[in-house]
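> Quick one, what's the 3D model for this:
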Amino acid sequence: MMRGFVNFLVGSSKQAKMLRDKCIFKVVPMLNPDGVINGNYRCSLAGVDLNRKYDSACPVLQPTIFETKSMLKKFQQSFEVVLCVDLHGHSRAPNVFMYGCKTSEGDALYRHERILPFLLWDRGSNYFSYKDCSFEVTKKKEACARVVYRNLFGILNSFTMEASFAGTDFGRGKGMHLSWRDLEEMGETLGKTLVKYLDTVEHGKALKQIEEYERKVKLEPNLFEAGGAGDDSGFSEDDSGEGEGKENACNKTSAAEADAKNGRPISVKVRRSRKAKKKFLKKKKAPESQVER
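Here you go, the predicted model:
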């Protein structure tokens, strides 16, 4: 996704030129180089989950996080920070989606925070699912990038953008793994959506569309029950598979091919508790006498 976004941003299109003329971009291609080069995707070489250290980053043990925060703080002294997006991979949930921060429904900024994810979805992306976005923050997420950037720097548009390690449960690639080309396309889509986001007319339209969408969901609550892979009650953010006292979310299956109104698929969370899973595996296991030695 990062490569797709950067390639779009430095490209020759009118949209990319407009973004370069209007905005200053600070791009950190990788925050965990020492961990990744040694085969980790979640932890640094020191064995630390970097996305839980933004509130107390050590300049020696977590230098990339410390310096990124310092850069952002210095930058904010001279400019308004419109958007921060932390690009991640998700080990269990399907699709591409965003985690945001919690804003109470009565707050004037409640829907404003949802504009960018909604526009990504409204573009007809083959990978991004607005239904799977979550704007809740649990206690264990208070030290992750998006939450610290919101609380410390007051940045409204502070997101984690998650891309499934697997694939999507809708669209042209339904049931197939996301390829590197798909991820690059998603990064490019993010860039193109920023152009739309900066258009004040499109901004106003999106607010009305989000209000209408939420009204329909209240009339049809099953839409919420069926979607929301990003909800912290099911899949945990950037789940490492270590387990944190939650149910194991096995997978998500299609509840219906598409919503009759907008043609977008609805997904359902399927869960099995740890106890039930052990029981299931025990039944499935062949008797010892039948196992070849």
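> Leu45 and Gly39 touch, don't they?
No: with contacts counted by CB atoms under 8 Å, Leu45 stays clear of Gly39, the gap being 10.1 Å. Just so you know, the C-beta spots here come from the backbone N, C-alpha and C atoms, and that holds for glycine as well.
> For Val28, which residues are in contact?
Val28 sits next to 64, 68 when contact means CB atoms under 8 Å, 6 or more residues apart in numbering.
> Would you confirm that it belongs to a strand?
No: membership of Val28 in a strand is not supported by DSSP: H, G, I helix; E, B strand; the rest coil, which gives coil.
> Could you measure from it over to Lys69?
When distance is defined by CB to CB, to the nearest Å, Val28 is 11 Å away from Lys69.
> do the same with Arg146
The span separating Arg146 from Lys69 equals 13 Å under the rule CB to CB.
> which of the two has more neighbours?
In this view Arg146 and Lys69 are compared by other CB atoms under 10 Å, and Arg146 has more residues nearby, 25 against 19.
> quick one, phi/psi of the more buried one?
The phi and psi torsions at Arg146 (degrees, to the nearest 10) take the values phi -60, psi -40.
> Just to check, it is in contact with Ser158?
Yes: assessed by CB under 8 Å, Arg146 is found in contact with Ser158 at 4.4 Å.
> Now for those two: what residues contact both?
Common neighbours of Arg146 and Ser158, counting by CB under 8 Å, 6+ apart, are 84, 100-101.
> Turn these into CSV, including neighbour count, distance to Met1 and pLDDT.
Output for the shared contacts of Arg146 and Ser158, formatted as CSV (neighbours: other CB atoms under 10 Å; distance: CB to CB, whole Å; pLDDT from 0 to 100):
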residue, neighbour count, distance to Met1, pLDDT
Cys84, 20, 15, 96
Gly100, 23, 17, 95
Cys101, 21, 21, 94
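> Tell me the one of those nearest Asp34?
Nearest to Asp34 out of the shared contacts of Arg146 and Ser158 is Cys84 (CB to CB; 22.8 Å).
> Now do the strands in the stretch 51-200 of the chain.
Listed in chain order, the strands of the stretch 51-200 of the chain (DSSP state E, counting those that start in this stretch) span 83-90, 96-99, 157-164.
> Quick check: which of those is buried the most?
Per residue and on average, the most neighbours among the strands of the stretch 51-200 of the chain fall to strand 96-99, with a mean of 28 (mean count of other CB atoms under 10 Å).
> How many residues are close by the residue nearest to Leu207 when sequence neighbours are not counted?
Spatial nearest neighbour of Leu207, chain neighbours left out: Arg111 (5.5 Å); criterion: CB to CB, 6 or more residues apart in numbering. In terms of burial, Arg111 registers 19 neighbours under the definition other CB under 10 Å.
> residue contacts, Lys102?
Neighbour list for Lys102: 135-137 [criterion: CB under 8 Å, 6+ apart].
> quick one: which of the residues you listed has the most company?
Val137 (19 neighbours).
> Thought Ala143 was touching it, still the case?
No: assessed by CB under 8 Å, Val137 is found out of contact with Ala143, at 10.7 Å.
> what's near enough to touch the residue nearest to Leu207?
Going by CB under 8 Å, 6+ apart, Arg111 touches 207, 210-211.
> For Glu184, state which of those is nearest.
Checking the contacts of Arg111 against Glu184 by CB to CB gives Ile210 as the nearest, at 27.8 Å.
> if we can go back for a sec, ok, of the shared contacts of Arg146 and Ser158, which one's closest to Lys218?
Using CB to CB, Gly100 is the member of the shared contacts of Arg146 and Ser158 that lies nearest Lys218, at 19.7 Å.
> Can you tell me how far Ile155 is from Asp86?
The spacing between Ile155 and Asp86, counted by CB to CB, is 12 Å.
> My read is that Leu156 contacts Asp107, right?
No: using CB under 8 Å, Leu156 makes no contact with Asp107, being 10.5 Å away.
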